[in-house]
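1. Next one to model:
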Amino acid sequence: MNNKTDQPQTSESESLMSRVEGNQASLRSNLRAHYDFIVCGSGSSGSVVARRLAEIDGASVLLLEAGGIDDLPAVEEANQWTSNLGSDRDWAFKTQPIPQLNDRSLVLSTGKVLGGGSSINVMIWSRGHKSDWDYFAEASGDAAWNYDSVLCQYKRIEDWHGTPDPSHRGTGGLVFVQPAPNPHPMAVAMVDGAKSVGIPTFDSPNGIMMEGDGGASIVDTRLRDGKRLSVFRTYVLPFMDRPNLTVVPNALVTKVLFQGKRASGIEVVLEGKALRIGAEREVVLSMGAFHTPKILMQSGIGDETELQRHGIPVIQHLPGVGQNFQDHVGAASCIWESERDVVVRNNGCEATFFCKSDPSVPTPDLQPCQLEFPFGSPEIANRYSLPQRGWSLYAGLVRPKSRGYIRLTGPGPLDPLQIQPNTLEHPDDLQALMRSVEICQEIGNSPSLRAFSKREVAPGKLTRQEMDQFVRNSTLTYWHQTSTAKMGHDSMSVVDSRLRVYGIQNLRIADASIMPRVTTGNTMAPCVVIGERAGELIKHDHACT
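-> Residues are numbered from 1 along each chain as shown. From the prediction side, this is the model:
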């Protein structure tokens, strides 16, 4: 595996890479029958968990990833992220036809590569709103998940390179974060345009901005010198020269193994062969909102009626597995043509704003983002014809009330999932998205952006009925799938506040599936916090330091 570090290639980093390659080749060729900890999934939570467990003296850690290596220009180059969508680095799940979207199906991308979503996403660092974390604490009955606690965690792990803000930001941590450097003048103009319609502006979309009613800002990013900084490269790669951390790509986990109600290991397909590997202490599932519930159900944990329908022996009846599905969606269709070519900078998505669809909602429920290229759903692209030169505002909804579900279609690991997100099923979501489009039009046509706009391509002036259909035909996903194995203490909860699967010993979940509700904003940063929290909890429960 020809890995590269996040840092410029120095003699020190070259030496590390030489040690990593030799060490990992040896470890993978001599897989053990048992490890202390097995972490399934190397995404934004799993990479953090693996790193923190590998810090335990004498503990052996196995990190399994279904996807391949991340040493590719499409992953490394920040401005090439769109080329990962639909590639072999993307699971590209397809939903059932969605009635509220005129029976359209959506493609839900998620990472299938070392680093998971953090290796194919838009690299935006968004912590979530204060109310999100306080809700986590309320839902779980554990104050350790509240905003004040999580803020301390963010400050501890961040290496913030923006306007100093000691009360909200940390420096010197593992996670390099900076505002999009040297942003496109158009992105600066969008922030000014938001201000012109009454949305306050901030130096960062994190910090104090996410404690109130929202605002506009240049985005915080996980990139440097035009290169992506994945969570895997930040957390795991520096530890891959150690003898106690084995990282195995192209390893498809198919089942959790049990001795009674105790997770005893996993079954994994590696190089076409099914292997069983034991876990002496714990198995941690960090495979995201689709694969984590899928593995649980294939292993006998889920709604007993559904499991029995597929002939799967029931280990633990947990009806909430696969339920409560949530995602951020947006009307991908507010498009302007420009007079000149727009040369994308950084990730091509450098400005955003959070606001309310209605003054009565308690916290911001909308998050449009500016894209430095024309972008729309296939239906909108066919109707309006995307210009060769232009840009877009993606009219996002980040506090959806609609809830979907995930079900098995069969007991086998290759049987596809049935995914019904029920997008816009709740009427408030449709109304909020229509308002999001209207706000985007107002900002996009503001004097601040006039220099970058030749004409508004879409949607133009529409009646209320026409706007209804425009939104239904233009809605796509932000790829922020969550909440299918939620944390809580009601009958539909799957894990407790310590991320332990109810009724099962030595099995934890650490990924976006545990969110009681999707956070306000991009989900990578909250997933890192979930991974950090899982690492702390596991160390505590096993009396490790």
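2. remind me, longest strand of the protein?
-> Counting residues, the longest strand found in the chain (DSSP state E) is strand 273-285.
3. For the stretch 351-500 of the chain, just list every one of the helices.
-> Remark: helices assigned in the stretch 351-500 of the chain by DSSP state H, counting those that start in this stretch are 378-384, 427-444, 464-474.
4. Mind checking those helices for the one nearest to residue 323?
-> helix 427-444 (17.9 Å; C-beta to C-beta). C-beta here means a position set from N, CA and C on the backbone, and glycine is covered the same way.
5. Tell me which of the helices of the stretch 351-500 of the chain lies nearest to residue 44.
-> That would be, of the helices of the stretch 351-500 of the chain and by C-beta to C-beta, helix 427-444, which comes in at 25.7 Å.
6. Name the residues that touch that closest one?
-> With contacts defined as C-beta atoms under 8 Å, 6 or more residues apart in numbering, helix 427-444 is touched by 100, 190, 193-194, 196-197, 329-331, 333-334, 336, 353, 355, 357-358, 365-366, 368, 393, 395-397, 399-402, 423-424, 449, 453, 456, 459, 467-468, 470-472, 475.
7. In contact with residue 316, which residues?
-> By C-beta under 8 Å, 6+ apart, the neighbours of residue 316 are 261, 300, 301, 501, 502, 503, 504.
8. can we see that at 6 Å?
-> 301, 503, 504 (C-beta atoms under 6 Å, 6 or more residues apart in numbering).
9. cool, residue 249 as well?
-> 65, 68, 69, 114.
10. Tell me, how many residues neighbour the first one?
-> Neighbourhood size, residue 65 [other C-beta atoms under 10 Å]: 32.
11. For residue 168, see how far away the residue lying closest to it once chain neighbours are set aside is.
-> Leaving aside its chain neighbours, residue 65 sits nearest to residue 42 (4.1 Å; criterion: C-beta to C-beta, 6 or more residues apart in numbering). Noted for residue 42: a distance of 29 Å to residue 168, by C-beta to C-beta, to the nearest Å.
12. Okay, helices next: where are they in the stretch 1-150 of the chain?
-> 11-29, 46-54, 73-76, 130-140, 147-157.
13. Let me have those helices in TSV, extended by mean pLDDT, mean neighbour count and distance to residue 229.
-> Listed next are the helices of the stretch 1-150 of the chain as TSV, based on pLDDT from 0 to 100; neighbours: other C-beta atoms under 10 Å; distance: least, C-beta to C-beta, whole Å:
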stretch	mean pLDDT	mean neighbour count	distance to residue 229
helix 11-29	88	14	14
helix 46-54	98	29	12
helix 73-76	96	18	10
helix 130-140	98	21	24
helix 147-157	98	18	13
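14. out of the ones you listed, nearest to residue 511?
-> When the helices of the stretch 1-150 of the chain are ranked by proximity to residue 511 (C-beta to C-beta), helix 46-54 comes first, at 6.9 Å.
15. which residues sit in contact with residue 228?
-> 76, 78, 123.
16. ok, the last one - how many residues close by?
-> Residues lying near residue 123 (other C-beta under 10 Å) number 24.
17. repeat for residue 257
-> Per other C-beta under 10 Å, the neighbour tally for residue 257 reads 16.
18. which stretch of helix or strand covers it?
-> According to DSSP states H and E, residue 257 maps onto strand 251-259.
19. which outside residues touch that strand?
-> So strand 251-259 is contacted by 40, 64, 66, 263-270, 283, 298-299, 315, 413 (C-beta under 6 Å, 6+ apart).
20. Show me what counts as buried in that strand.
-> For strand 251-259, the neighbour count (16 or more other C-beta atoms under 10 Å) marks 251, 252, 253, 254, 255, 256, 257, 258 as buried.
21. Stretch 423-436 now?
-> For stretch 423-436, the neighbour count (16+ other C-beta under 10 Å) marks 423, 424, 425, 428, 429, 430, 432, 433, 434, 435, 436 as buried.
22. quick one, whichever strand or helix holds residue 526 and strand 273-285 angle?
-> Assessed by DSSP H and E, residue 526 sits inside helix 524-541. Between helix 524-541 and strand 273-285, the angle comes out at 90 degrees (axes from the mean of the first three to the mean of the last three C-alpha atoms, to 10 degrees).
23. quick one: the strands in the stretch 351-500 of the chain?
-> In the stretch 351-500 of the chain, the segments counted as strands under DSSP state E, counting those that start in this stretch are 351-354, 369-371, 390-397, 405-408, 417-420, 455-458, 475-477.
24. Distance from stretch 247-265 to the middle of the chain?
-> Put simply, stretch 247-265 sits 23 Å off its chain's centre (C-alpha atoms, centre = their mean, to the nearest Å).
25. Just among the contacts of residue 316, which is most surrounded?
-> residue 301 (28 neighbours).
26. For it, which residues count as its bridge partners?
-> In this structure, residue 301 bridges to residue 316 when assessed by DSSP bridges.
27. Repeat that for residue 352.
-> Bridge pairing for residue 352 - DSSP bridges - gives residue 217, residue 369.
28. what do you get for residue 259?
-> residue 262.
29. From residue 19, how far out is it?
-> 37 Å.
30. Then residue 249?
-> 18 Å.
31. pLDDT below threshold where in the stretch 251-400 of the chain?
-> Across the stretch 251-400 of the chain, not a single residue meets the criterion (pLDDT under 70).
32. domain assignment for this structure?
-> By the assignment in automatic domain parsing, the chain contains the domains 34-71+230-321+483-541, 80-112+179-221+325-477.
33. Please identify the most buried of those domains.
-> Neighbour counts (mean count of other C-beta atoms under 10 Å) averaged over each of these peak at domain 34-71+230-321+483-541, with a mean of 22.
34. Just give me how far it sits from the chain centre.
-> The chain centre lies 15 Å from the centre of domain 34-71+230-321+483-541; the measure is C-alpha atoms, centre = their mean.
35. what does stretch 78-91 give?
-> 14 Å.
36. Likewise for stretch 154-166?
-> Distance, centroid of stretch 154-166 to centroid of chain: 21 Å (C-alpha atoms, centre = their mean).
37. So what touches that stretch?
-> 127, 169-179, 203-204, 207.
38. swap the cut-off to 7 Å and go again
-> Applying C-beta atoms under 7 Å, 6 or more residues apart in numbering, the contact partners of stretch 154-166 are 127, 169-179, 203-204, 207, 528-529, 532.
39. Okay, and which of those residues map to helices?
-> 528, 529, 532 (DSSP state H).
40. Now for the last one: which residues touch it?
-> When contacts are counted by C-beta under 7 Å, 6+ apart, residue 532 is found next to 48, 153, 157.
41. and if we set it to 8 Å?
-> 48, 52, 153, 157.
42. now the strands of the stretch 351-500 of the chain in a markdown table, with distance to residue 319?
-> Formatted as a markdown table, those follow (distance: least, C-beta to C-beta, whole Å):
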| stretch | distance to residue 319 |
| --- | --- |
| strand 351-354 | 34 |
| strand 369-371 | 36 |
| strand 390-397 | 27 |
| strand 405-408 | 11 |
| strand 417-420 | 16 |
| strand 455-458 | 42 |
| strand 475-477 | 26 |
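43. can you tell which of these is closest to residue 378?
-> That would be strand 475-477 among those, by C-beta to C-beta, at 9.4 Å.
44. Does anything pack onto the closest one? Which helices or strands?
-> strand 329-337 (3 or more C-beta pairs under 8 Å, 6 or more residues apart in numbering; DSSP states H and E).
45. Show me what the strand it packs on is packed against.
-> helix 378-384, strand 390-397, helix 427-444, strand 455-458, helix 464-474, strand 475-477.
46. can you do 6 Å?
-> strand 390-397, helix 427-444, strand 455-458, helix 464-474, strand 475-477 (3 or more C-beta pairs under 6 Å, 6 or more residues apart in numbering; DSSP states H and E).
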